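In: Sharing a model prediction with you, sequence too.
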Amino acid sequence: MISTKGRYAIRVMIDLAENGREGCVPLKDIAARQQLSRKYLEIIVKDLVSGGLLEGISGKGGGYRLVRKPEEYTVGEIIELTEGSLTAVACLADGAAPCPRASTCQTLPLWAEYDKLTHDFFYGKRLTDLLNKDQDRRTQ
């Protein structure tokens, strides 16, 4: 399950893509537009900055901005940075110890297929895909 942290991180990234073209965006502005707790967003943007997805600038004119173009971000990288691995079962996680039952496990193919579908879905969606959908709703 994707928690509020992951969902809000995506909303922050969308907000910055829409409003950060001219420079940094203050966190208070993002919180107001997204109707989210500024305190909670502080935790989220700290993770996004330490993960290299955002840059934080202090002082007058400061705030947050994307470090790359919106089309260069995948939803998968945002979710995995804030939520951790999307892997459904421990035996398929990166760095997991080899499972002694892997060759006879009847459910392993199911989990592997599910993981591939999940990975391909989220890593196949770009931040700009969400921007376009949001803009499409506004014009309807």
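Out: Done, it's in. Computed from a prediction, not measured in an experiment: that's the story for all the values here. Numbers count the residues shown, from 1 in each chain.
In: so where do the helices sit in the protein?
Out: 4-19, 27-34, 38-50, 75-83, 108-123, 127-139 (DSSP state H).
In: Any idea which of those has the lowest pLDDT on average?
Out: Comparing mean pLDDT across those, the weakest is helix 127-139, with a mean of 68.
In: centroid residue for this structure?
Out: Within the chain, the residue whose C-alpha comes closest to the C-alpha centroid is Ile78; the distance, by Cα atoms, centre = their mean, is 2.0 Å.
In: so how far is Thr107 from it?
Out: Counting by Cβ to Cβ, to the nearest Å, the separation of Ile78 from Thr107 is 29 Å. For every residue, glycine as well, the C-beta is placed using N, CA and C.
In: number of nearby residues for Ile14?
Out: For Ile14, the neighbour count with other Cβ atoms under 10 Å is 21.
In: Starting from Glu71, give me the distance back to it.
Out: Taking Cβ to Cβ, one finds Ile14 at 13 Å from Glu71.
In: okay, and the common contacts of these two?
Out: Contact criterion Cβ atoms under 8 Å, 6 or more residues apart in numbering; residues bridging Ile14 and Glu71 by contacting each: Leu127.
In: Dihedrals phi and psi, Gly124?
Out: Main-chain dihedrals, Gly124, degrees, to the nearest 10: phi -90, psi -10.
In: give the contact list for the residue lying farthest from the centre of the chain.
Out: Note on the chain: the largest C-alpha distance from the chain mean falls to Thr104, namely 35.1 Å (Cα atoms, centre = their mean). By Cβ under 8 Å, 6+ apart, no residues touch Thr104.
In: Check it and give its pLDDT.
Out: So, for Thr104, pLDDT stands at 94.
In: any idea how far Val67 is from it?
Out: 46 Å.
In: same thing with Glu42?
Out: According to Cβ to Cβ, Glu42 stands 18 Å off from Val67.
In: same check, this time on Leu117
Out: Where Val67 is concerned, Leu117 sits at a distance of 29 Å (Cβ to Cβ).
In: who's more crowded, the two?
Out: Counted by other Cβ under 10 Å, Leu117 and Val67 do not tie: Val67 has more neighbours, with 13 against 10.
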